[in-house]
Every structure is written in C-alpha cells, then in structure tokens.
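K.L.:
Sequence and predicted structure, then a few things I'm wondering about:
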Amino acid sequence: MLHTKIINSKKYKILTSNAEKFITHPKFGASIYFLGTVRNINNNKTVTGVTYDSHDEMVIKSFEEIYNEAEQKFDIKDKAVFIEHAKGYLELGEISIIIAVACKHRNQAYLLSRYVIEEIKKRSPIWKKEHYENEESEWLKGNPILGT
C-alpha cells in the first residue's frame, strides 16, 4: 500500500493523523514515523523559514519508484508507506516531509523508512530555498536528477 502527495502549504498542512490512519492495520507489528521539520540554523546561518518547490509529477513518480525498488531490495511484501512533502513556504518547526511506514517486524520498518528518506533526498526533484534573519535567501545546492 502506498500513498504519495505533494501538499500545497498555502492551503494545507501535513498531518501525522492522516499518516496514522493510512498505515494502521492489525497485520503490522511495527510503525515508524519520520518527520522532517524546518530548523532555525543551517550552515551557521539563522533560518527564519523555507520555501520548497518541486516538479510534482516527477516527484510522485520518484516516490513510486523508490517504493517499488524497496520491495525488490528488502523483499518486504506486507507494508504500508505514506509519503507527503510540502510545497511552498514553511515557518520554523513546520513539517516539510512525513514518511510513515508499517511492516510486520521492526527491522523491516527501520530499513524501509531509512531507505525511503535517503533515496528521496538523492533523487526527487524538490528544491529548497532558505530565508534568513537578515532578509536574504538562497536556493540550496541539491543533487542532480538521475538519468540527466
């Protein structure tokens, strides 16, 4: 089971309750929630907020590919994965990404959760602009999209 979505931060917030509803099932004995949040310091600069932009269709496709590859890599048949990423401006402390996974066993859930976030960071076309206390801002260097 897979849920993926880009959340427009002007209209909605990422809610852990939505993830919990999606992954909860009696067949799963382990659940893990990863929340990425906007922090106040990066590279010795005081951050006041972050803007995310993305190529939505390619992001969703990358999430699906990562899910499918994880199934092959870890041979985890019964699982639920919930992935949402914010698009737009976020204030300090707001959730930028949630990855919730549920599997039969804890080792599977840890492996799957870690794999999903690391691959998203490497492969998904999501760009991050930090805003600083001196009213400056900059787009952070990302990773090139694989295959280009």
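P.N.:
It's in.
K.L.:
C-alpha coordinates for the helix or strand hosting Val59, CSV please?
P.N.:
Element membership of Val59, judged by DSSP states H and E, is helix 56-74. Provided in CSV are the C-alpha atoms of helix 56-74 (Å, rounded to 0.1, in the frame of the first residue of the first chain):
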residue,chain,number,x,y,z
ASP,A,56,5.2,17.4,-8.8
GLU,A,57,4.7,14.7,-11.4
MET,A,58,8.3,13.7,-11.3
VAL,A,59,8.3,13.8,-7.5
ILE,A,60,5.3,11.4,-7.3
LYS,A,61,6.9,9.2,-9.9
SER,A,62,10.2,9.1,-7.9
PHE,A,63,8.2,8.2,-4.7
GLU,A,64,6.6,5.3,-6.5
GLU,A,65,9.9,4.1,-8.0
ILE,A,66,11.5,4.2,-4.6
TYR,A,67,8.6,2.2,-3.1
ASN,A,68,8.8,-0.4,-5.8
GLU,A,69,12.6,-0.7,-5.6
ALA,A,70,12.4,-1.1,-1.8
GLU,A,71,10.1,-4.1,-2.3
GLN,A,72,12.7,-5.7,-4.5
LYS,A,73,15.7,-4.8,-2.4
PHE,A,74,14.3,-5.8,1.0
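K.L.:
Name the nearest residue to the residue nearest in space to the middle of the chain, sequence neighbours excluded.
P.N.:
Nearest residue to the geometric centre of the chain (CA atoms, centre = their mean): Ile97, 3.7 Å. Nearest residue to Ile97, sequence neighbours excluded (CB to CB, 6 or more residues apart in numbering): Gly36, at 4.1 Å. Every C-beta, even on glycine, is put in place using the N, C-alpha and C of the backbone.
K.L.:
Can you give me the buried ones in whatever helix or strand the one you found lives in?
P.N.:
For Gly36, the enclosing helix or strand under DSSP H and E is strand 30-37. Residues of strand 30-37 classed as buried: 30-32, 36 (neighbour count, 16 or more other CB atoms under 10 Å).
K.L.:
That'll do, ta.
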